[in-house]
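Undergrad: A predicted structure for the sequence below; I have some questions about it.
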Amino acid sequence: MTLIAFILLAVLATVGYVLNRQAAAAITADGTRLHSLKHFHGLFSLLSVLVPVLVLLCLYLALQTPIINMVTMASLPDGVLDGMGDGAQQLVLAEIRSVSQGRVFGTPEDWKIIAAERMVALYQYADIAMVTMVIILSSVILVLTRRRVTAEFRARQAAETIIHGFMIACSTVAILTTIGIILALAFEAIRFFEMVPFTDFLFGVNWEPQIPIREDQIAAEGAFGWLPVIVGTAVVATIAMLLATPIGLLTAIYLNEFAPRGLRAVVKPVLEILAGVPTVVYGFFAILVVAPALRGAGADLGIGISPNTALAAGGVMGIMLIPFISSFADDALSAVPRALRDGSLAIGATRGETMLKVQFPAAIPGIVGGVLLAVSRAIGETMIVVMAAGLMANLTINPLDSVTTVTVQIVTLLIGDTAFDNPKTLAAFALGLMLFILTLGINVLALRIVRKYREIYD
């Protein structure tokens with residue numbers, strides 16, 4: 001029924017566009033001059049139907065399940081939930097929902113079956129009400145917008161006002177979402193720092209996020225110094241960027257200036273396909289191909305290499321980032337005004353000199369911005385590191401050792417059923433907050449570099 005509601009909304013909005021456009025065309029048929037073009041009258045009707053009804057429909061869908069769950073739980077027989085905590089009640093609700101969807105395990109109680117039937121009926125009524133709401137509200141708006149079609153009506157300004165308001169609403173949602181993420185991280189991180197001193201976290205050299213399971217258990221106090229984790233992150237990201245940056249830039253320069261048109265037409269799509277490969281595939285490549293190859297080479301040279309190494313993870317991550325940097329650099333080089341290139345060639349410079357002394361310097365803002373964004377992506381990568389670099393937090397800069405990263409530790413800490421009231425779990429939020437601050441700083445630096453040097457060449 002949800003799909004039907006969206007289809008009906010799209011159809012009614014299109015009908016409004018056609019009706020208002022035809023009405024505007026009828027006014028101009030006798031020589032009357034319209035203030036706005038005909039398609040603006042149709043666009044005004046389409047947006048007037050689509051935007052408010054779509055917003056209400058999304059709100060309806062967001063609130064439908066919580067309200068039905070609340071009504072279902074409130075209608076249960078007296079006494080069945082007595083003595084149950086929130087967790088147990090959630091399990092009862094999950095079982096009722098499973099029975100309502102036809103997934104029956106064992107022999108549920110009769111009152112659960114009755115509650116499941118009631119839940120199914122509520123969803124059916126809600127779907128009917130949703131479709132009815134879409135039809136009635138859209139029809140009313142259609143009638144009202146149809147009456148607005150006159151020669152003096154400023155349809156273009158009205159349509160632009162709706163678009164402007166919708167864009168402001170979307171921007172507001174994005175801003176509020178970002179603020180919500182920051183507040184959620186900060187709130188949980190503050191709880192962590194109430195249990196673990198901030199200085200111990202920031203300057204500690206041991207990372208062993210353990211907590212005692214029993215009161216008499218020893219050697220499980222844990223250590224929450226994040227230096228081994230951030231150093232491991234820096235080592236892996238550095239290896240990745242040392243590999244990806246020169247190859248990506250040289251690839252972009254070759255494809256932009258020196259490659260034959262046929263070769264560029266083949267290589268460019270291949271690089272874009274490489275950029276779309278899931279990171280888990282790169283992880284498999286790292287653990288099945290690169291890591292064994294490094295261990296074999298180390299054995300031949302008499303060098304001890306760990307089964308999981310920062311070099312394997314960083315190298316494969318660098319391969320993953322090559323298309324990213326190459327695409328950014330190619331776009332930046334293509335955006336350089338052609339007059340600069342033609343002027344350099346006209347005074348006798350070679351194509352290589354033109355690229356190195358004219359085009360590349362002019363494209364530095366876009367290139368540096370792309371490289372710094374690639375650094376942010378390298379810092380935030382998880383799957384390749386967890387598969388190729390390991391989970392052990394070692395304070396080392398040796399690329400042949402096993403290391404871990406911030407993102408890997410966040411995933412590790414949040415796996416399982418540990419409650420959110422101990423430092424082991426809350427440490428993930430502290431790491432997340434520090435990672436957020438770090439990547440935010442990199443992105444701000446990229447923006448400042450782009451803005452600073454763009455003024456020189458614009």
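TA: Noted; the coordinates are in hand.

Undergrad: Could I get the full set of helices for the stretch 351-458 of the chain?
TA: 351-354, 360-362, 364-380, 383-388, 406-414, 423-457 (DSSP state H, counting those that start in this stretch).

Undergrad: from the ones you listed, which stretch is densest packed?
TA: Comparing the helices of the stretch 351-458 of the chain by mean neighbour count (mean count of other Cβ atoms under 10 Å), helix 383-388 ranks first with a mean of 26. For the C-beta atoms, the positions are set from N, CA and C on the backbone; glycine is no exception.

Undergrad: What lies in contact with that one?
TA: 236, 279-280, 282-284, 286-287, 290-291, 308-309, 312-313, 316-317, 320, 404-405, 407-408, 411 (Cβ atoms under 8 Å, 6 or more residues apart in numbering).

Undergrad: contact partners of stretch 339-358?
TA: 253, 257, 258, 336, 359, 362.

Undergrad: tell me which residues of whichever helix or strand residue 331 is part of are tucked away?
TA: Counting by DSSP states H and E, the element that carries residue 331 is helix 310-334. Of the residues in helix 310-334, 310-330, 332-333 count as buried by neighbour count, 16 or more other Cβ atoms under 10 Å.

Undergrad: what packs against it?
TA: Judged by 3 or more Cβ pairs under 8 Å, 6 or more residues apart in numbering; DSSP states H and E, helix 310-334 is in contact with helix 227-253, helix 261-275, helix 279-285, helix 291-301, helix 364-380, helix 383-388.

Undergrad: quick check: angle from that helix to helix 406-414?
TA: For helix 310-334 against helix 406-414, the angle by axes from the mean of the first three to the mean of the last three Cα atoms, to 10 degrees is 130 degrees.

Undergrad: send the alpha carbons of the helix or strand following helix 310-334 over as PDB?
TA: Scanning forward in sequence from helix 310-334 by DSSP H and E, the next helix or strand is helix 338-346. Only the C-alpha atoms of helix 338-346 are listed here, as PDB (Å, rounded to 0.1, in the frame of the first residue of the first chain):
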ATOM      1  CA  ARG A 338      42.100  26.500 -22.000                       C
ATOM      2  CA  ALA A 339      43.500  30.000 -22.700                       C
ATOM      3  CA  LEU A 340      46.300  29.300 -20.200                       C
ATOM      4  CA  ARG A 341      47.300  26.200 -22.000                       C
ATOM      5  CA  ASP A 342      47.100  27.700 -25.500                       C
ATOM      6  CA  GLY A 343      49.100  30.800 -24.400                       C
ATOM      7  CA  SER A 344      51.900  28.600 -23.000                       C
ATOM      8  CA  LEU A 345      52.100  26.500 -26.200                       C
ATOM      9  CA  ALA A 346      52.000  29.700 -28.300                       C
END
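
Undergrad: what about helix 338-346, distance to the chain center?
TA: Centroid separation for helix 338-346 versus its chain: 40 Å, with Cα atoms, centre = their mean, to the nearest Å.

Undergrad: could you give the mean pLDDT of it?
TA: In this model, helix 338-346 carries a mean pLDDT of 83.

Undergrad: Okay, angle between it and helix 310-334 too, please.
TA: 90 degrees.

Undergrad: could you check the angle helix 423-457 makes with helix 338-346?
TA: Per the same axes, to 10 degrees, the angle that helix 338-346 makes with helix 423-457 is 60 degrees.

Undergrad: Low-confidence regions, the stretch 151-300 of the chain specifically.
TA: Applying pLDDT under 70 to the stretch 151-300 of the chain flags the ranges 211-222.

Undergrad: one more time with 80
TA: Low-confidence segments of the stretch 151-300 of the chain (pLDDT under 80): 151, 209-223, 275, 300.

Undergrad: Could you do the stretch 351-458 of the chain as well?
TA: Across the stretch 351-458 of the chain, residues meeting the criterion (pLDDT under 80) sit at 365, 369, 382-383, 386, 389-394, 414-424, 443, 446-458.

Undergrad: in the chain, what residue sits furthest out from the centroid?
TA: Computed with Cα atoms, centre = their mean, the residue of the chain farthest from its C-alpha average is residue 30, at 53.8 Å.

Undergrad: ok, that one to residue 36 distance?
TA: Separation of residue 30 from residue 36 (Cβ to Cβ, to the nearest Å) stands at 18 Å.

Undergrad: Perfect, I'm done here.
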